[in-house]
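Asker: Task: produce atomic coordinates for the following.
(3 chains)
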Amino acid sequence: MSEKIKIITGNDLRTGDVIWWTGEGWSRHVDNAVAVTHDADAIIARENAKQVVTDTHVIDAVAADGAVRPAHIKDRIRALGPTVRLDLSLKPADPQAGSWVI
Amino acid sequence: MYQYDQHDQAMVDARVAEFRGQVARRLSGELTEDQFKPLRLKNGLYLQLHAYMLRVAVPYGTLNSAQMRVLGDIADKYDRGYGHFTTRQNIQYNWIKLADAPDILADLAKVQLHAIQTSGNCIRNTTADHFAGAAADEVADPRPYAELLRQWSTFHPEFDYLPRKFKVAIIASETDRAAMRLHDIGIQIVKNEAGEIGCKFFAGGGMGRTPMIAPCIAEFVPALQMISFLEAALRVYNRHGRRDNKYKARIKILVHEIGVAEYSRQVQEEFAHILTLGLEPPPAELERIKGMFADPGLESGLSDDLDRSDPDFALWVDQNVHTHKQAGYAIVTISLKPVGGIPGDATAYQIRLMADLARDYSLDELRVSHAQNIVLPHVKKADLYRVWQALDAAGLATPNLDLITDIIACPGLDYCALANARSLPLAQKITDRFADIGRQRELGELKLKISGCINACGHHHAGHIGILGVDRKGVENYQLLLGGAESADTSLGTITGPGFSEDGVVDAIEKVTDVYLARREGAERFLDTYRRIGMAPFKEAIYG
Amino acid sequence: MVETVLRYRTDEPVGDPAVTVDAFAAQSNATAVRIEPGDDALALLPHLERIALIEVNFPSFADGRGYSAARSLRERGYTGELRAVGDVLIDQLSHMRRCGFDSFAPDKPISAEAAEAAFATWPEVYQQTVDGRAPIWAARHPAAKA
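Answerer: Numbering: from 1, shown residues only, chains lettered A, B, ... in the order given. The predicted structure is shown next:
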């Protein structure tokens, strides 16, 4: 079963790390992202006000089997890291990790 | 090389202090992101796909070894052990933390470097011929003029909010190694019949979504009126450049829409007025700057002999070493384009090694080329073998300068927030396909350039073979262009037809090179053959 | 009307409201005029004698045409009040002053202390403009008057 959802992403203000809204806080792992609905704007406004995240916005994704896959390749590359430097990505041990973004 | 005095140092130090305050205000929440963003961009700090990216200016592409070493140290201390040299002769770090940015600027300021105006709608870092001061064919060293221009453009109060960014390139030979006519303003230092030095001005060139080759707007402006002329050229642009559409805001659109004659007329009118104001730096200032570039310490009477008995070394000499103006010296280009590598990337170790080599063998000088390579401009021929051995041991001796694997590529969708498609994996695949050096040399000079979006940071319009990455319904797609060039015979590439997948475009390039090999006459380069036979035979081979 | 104006002149402020460039051309007794980004500031040159206040509007801080308008007017002899109005932010004050503005009416008021700090951002300057500050090259070559 896969489901089209909307999730919130942004960057950690201090480190610049790509982060995803988990319902309680922020995670670097896109699989921890939760679906948001009409509450998205309120979440973004509240989190922005804390001045710990930046460039927060809503994107499309697909949830299936506990995994979350952003709809656009740009966000998949954000979720993984540079495909030409998998050693610096979130999956440094997986030589095939790059195929996930395509 | 230019050395800061206390005035120059005070300016960059003030900038560091200002930015430290701004970052503190942002981290404390006093500044919102909307307020902070334009301030950080003025210091070259972007938010890219994975983190903050810091772009450091390398003024007119010239560095000394201490500066280069600090660039390597920053990669280790604040980033993930590498940096990316760009087509703008700058260096970018991809994994910067906001709180570290003021410390990085402070480290840079200690060696007279900065990130001032590396972004924003202002006058950007001036680029120059990377062989300046070493080339046999220059009428003068263009860098003193570039330094004069650097100072004039730094924190220029009138031109900080132009319609769009503004790039100036400066050269001083007939051979254009800086893609000068693809800049908002291009300056060629020339000598007139009376033997006086002056500037030939070009305006309205650029790449991006509307590529244009800059026409000449003034044949000869005395060198001691260069700044006044620039004031006039920029003011006319600031007044009349379009602000209703950011895609039509570059000066090239203004020059195109009102015509080069009318733009030139307005500039001349304003120039005449500005000359009455006496705001040109005095001759003594240009002389002061020239003095610092005059003699890097070249020895005379050295031998031009070279022991070519090591075939790998001889191959590298043939491909990556150029003639120096002084007997016994050579210009070395260090390729940052190993097969399977990322064009323009260098590790902290490699950066420091190149710094050491510059200190020991190149009169303490390095250059960054717009082709994303590093130049050691003043190497004694007697030292070439030692330099080559050191480079080879560090993976820096790829003998592919100006060959098909010497690819220019922007960071693309692997790093850049603006990109539509990845550039770097494609560059790696192309170099893998054409890895054989014999095959590369058989193809000869072939400039291949890849951009991951229409902004054209990878200069695809100016590639003999150019590739533009686009987003086709969420899938990366690559358009192929043929026939671009960036030097004295500047031309813009033409799209072959429908785009390709990543693998498809590599196949198409191979077919294109096959056509060239089959059809070339005599010593024709790829570009020459293309210009002679036109697009049709290539199109037939690709799509037929 | 409450409007916070930062003013760096000693003469009496003009009481008249600034009129548009078109209206100004039609009113021979007007002494204050407001120019918009698209207006040709040089069209005012024949009338400089009777102008006491020129307001230069910045609808957005990012539209920098007003800098050229201001500096051009000063270069051509305008000595009356030159006021930047609109989206005028603390980070732009220093550059505006260098281009000849001597009063500021920002949409969001700026304190006099903050303005003074902004004017002091740069210890020195590289360019000769219209604010009387000597550029760095003049300090380097005191004998060589350009």
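
Asker: ok, which stretches of chain C are helices?
Answerer: Assigned by DSSP state H, chain C shows helices spanning C:21-26, C:65-75, C:93-98, C:112-119, C:136-140.

Asker: check contacts around the residue nearest the centre of chain C.
Answerer: Central residue of chain C (Cα atoms, centre = their mean): C:Phe101, 2.1 Å from the mean position. Going by Cβ atoms under 8 Å, 6 or more residues apart in numbering or on different chains, C:Phe101 touches C:56, C:70, C:82-84. Backbone N, C-alpha and C define where each C-beta goes, glycine included.

Asker: now it: how far from C:Val125?
Answerer: Plainly put, C:Phe101 is 15 Å away from C:Val125 if you go by Cβ to Cβ, to the nearest Å.

Asker: does any bit of stretch B:216-224 sit next to chain C?
Answerer: No - using Cβ under 8 Å from any Cβ of the partner chain, stretch B:216-224 stays clear of chain C, coming no nearer than 9.8 Å.

Asker: Now the helix or strand hosting B:Pro38: average pLDDT?
Answerer: Counting by DSSP states H and E, the element that carries B:Pro38 is helix B:33-41. For helix B:33-41, mean pLDDT is 91.

Asker: which is the next helix or strand following it?
Answerer: Per DSSP H and E, the first helix or strand lying C-terminal to helix B:33-41 is strand B:45-47.

Asker: on that earlier part again, mind putting the contacts of C:Phe101 in CSV, pLDDT, distance to chain B and neighbour count included?
Answerer: Shown next, in CSV, are those (pLDDT from 0 to 100; distance: Cβ to the nearest Cβ, whole Å; neighbours: other Cβ atoms under 10 Å in any protein chain shown):
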residue, pLDDT, distance to chain B, neighbour count
C:Val56, 98, 13, 29
C:Ala70, 98, 9, 29
C:Leu82, 98, 14, 26
C:Arg83, 98, 17, 27
C:Ala84, 98, 12, 26
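
Asker: Quick check: which ranges of chain C have low pLDDT?
Answerer: Residues of chain C that meet the criterion pLDDT under 70 lie in C:1-3, C:144-146.

Asker: Do a quick rundown of the strands in the chain.
Answerer: Using chain A. Along chain A, the segments classed as strands by DSSP state E run A:2-12, A:18-21, A:26-27, A:53-64, A:67-70.

Asker: I was thinking of chain C, sorry if that wasn't clear
Answerer: For chain C, the strands defined by DSSP E cover C:6-7, C:19-20, C:32-35, C:53-58, C:81-86, C:103-106.

Asker: what's the closest of these to A:Asp87?
Answerer: Among the strands of chain C, strand C:53-58 comes nearest to A:Asp87, with 48.1 Å by Cβ to Cβ.

Asker: in the closest one, what's buried?
Answerer: Buried residues in strand C:53-58, counted by 16 or more other Cβ atoms under 10 Å in any protein chain shown: C:53-58.

Asker: again, but for stretch C:41-51
Answerer: Applying a neighbour-count criterion of 16+ other Cβ under 10 Å, the buried positions in stretch C:41-51 are C:41, C:44, C:51.

Asker: The residue nearest to the first one when sequence neighbours are not counted: what's it in contact with?
Answerer: Counting by Cβ to Cβ, 6 or more residues apart in numbering or on different chains, C:Ala69 is the residue found nearest to C:Ala41 once chain neighbours are left out, at 3.7 Å. Going by Cβ under 8 Å, 6+ apart, C:Ala69 touches B:239, C:35, C:39, C:41, C:56.

Asker: ok, back up a step: and the angle for the helix holding B:Pro38 with strand A:53-64?
Answerer: Helix B:33-41 runs at 110 degrees relative to strand A:53-64, counting by axes from the mean of the first three to the mean of the last three Cα atoms, to 10 degrees.

Asker: so, in contact with chain A or not, helix B:33-41?
Answerer: Yes - residues of helix B:33-41 are located near chain A by Cβ under 8 Å from any Cβ, namely B:Glu33.

Asker: Which strands or helices does that helix pack on?
Answerer: Contacts defined by 3 or more Cβ pairs under 8 Å, 6 or more residues apart in numbering or on different chains; DSSP states H and E place helix B:33-41 against helix B:6-27.

Asker: So B:Leu277 sits against C:Glu75, correct?
Answerer: Yes - using Cβ atoms under 8 Å, B:Leu277 is in contact with C:Glu75, at 6.0 Å.

Asker: Tell me how many other residues crowd B:Gln9.
Answerer: The number of residues packed near B:Gln9 is 14, by other Cβ atoms under 10 Å in any protein chain shown.

Asker: do the same with B:Ala393
Answerer: Neighbour count of B:Ala393, defined by other Cβ under 10 Å: 10.

Asker: Enumerate every residue touching it.
Answerer: Listed by Cβ under 8 Å, 6+ apart, B:Ala393 has no contact partners.

Asker: The lengthiest helix in chain A: how far from the chain's middle?
Answerer: Counting residues, the longest helix found in chain A (DSSP H) is helix A:40-49. Here the centre of helix A:40-49 is set off from its chain's centre by 16 Å, with Cα atoms, centre = their mean, to the nearest Å.

Asker: tell me the angle of it relative to helix B:33-41?
Answerer: Using the same axes, to 10 degrees: helix A:40-49 against helix B:33-41 is 50 degrees.
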